[in-house]
Each structure stands twice: as C-alpha cells, then as structure tokens.
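[1] With the sequence up front, the predicted model follows.
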Amino acid sequence: MPVIRALALVFCATNVAAQETPVSPDVFLDLAENQTVTFMLDRTDLLVGEERFINRERSVWTRSDGSCAMGDITVRGAKLCFVYDDDPGTNHCWLPFEETGELFVRSTVNGQVQRIAGMEKRRLECLGEPLS
C-alpha cells in the first residue's frame, strides 16, 4: 500500500508541475515588443515561423517558407489576436501560457500549440519589412 501511495504522490506532483499557467496577452506583449519571436510546433523543432513585434499594435510574420505578411495586433480578453494583410478579415487568436518554464501559445481556432523557442532583437529577412 505505501508504494501505491508514493506513486500516486509522484503522479500528482508531475501533473501539477506540467500544468499550464495562463499568461496575459499584455505580459506576452511586454516580453515580445521590439523582439523577433521564433515559433516552433509544440515541443518539436519544426519551425512554424518568426514574428517581429514592431510595437504592441504591429508585427511582421515570416513563415517557414520565407513569405511574410504585416499584422495588426489586438488584445481581446485573454486572447492575443492578429489580422494579416494577406488574409484580411480573418482573426488569428492565441492564448499564451507557460508550462515548466517555457512559453507557448494555443490557437483558439484549431487548438494548435506553438512553443516560443526564442526572442531576440533582430530584423527579419523579409522583403518590404518596415523599419518601425
């Protein structure tokens, strides 16, 4: 019986450690503003794309194929939403969260999770990217 109880405690501790902690969009933007953020598919090394957060309202999204689009950023409650110039009228909204010391975003449309693999001050290699 003590072994089962110990395993149950380990399972519960692991579950608590792996829990998602919501991160407000404003906190996310505080971290990302003036940074280029690298997005990977969930916990893999598959590059989804990079986004340079010019300020809290504008971004440049560069996909893994090198194509790019300008984005308008809005905060809607717990969601961080983007509308890109190559897909006008479509809101791409994400819920930022932290888990085991890493930052992630989850799509409100299809549930896809992307891991923030890095944030750094640098420009993107993108034709037509604005300077500010």
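    Happy to help now that I have it.

[2] so where is the protein shaky, pLDDT-wise?
    With pLDDT under 70 as the threshold, the chain has low-confidence stretches at 1-18, 127-132.

[3] Leaving out sequence neighbours, find the closest residue to the residue positioned nearest the centre of the chain.
    Here the mean C-alpha position of the chain is nearest to the C-alpha of residue 105 (CA atoms, centre = their mean), at a distance of 3.8 Å. Counting by CB to CB, 6 or more residues apart in numbering, residue 94 is the residue found nearest to residue 105 once chain neighbours are left out, at 3.9 Å. C-beta: built from backbone N, CA, C; applies to glycine.

[4] likewise residue 81?
    With CB to CB, 6+ apart as the measure, residue 93 is the residue that lies nearest to residue 81, at 4.2 Å, once sequence neighbours are left out.

[5] This protein: strands as residue ranges?
    For the chain, the strands defined by DSSP state E cover 21-22, 36-41, 47-53, 58-63, 68-76, 79-84, 92-99, 102-107, 113-120.
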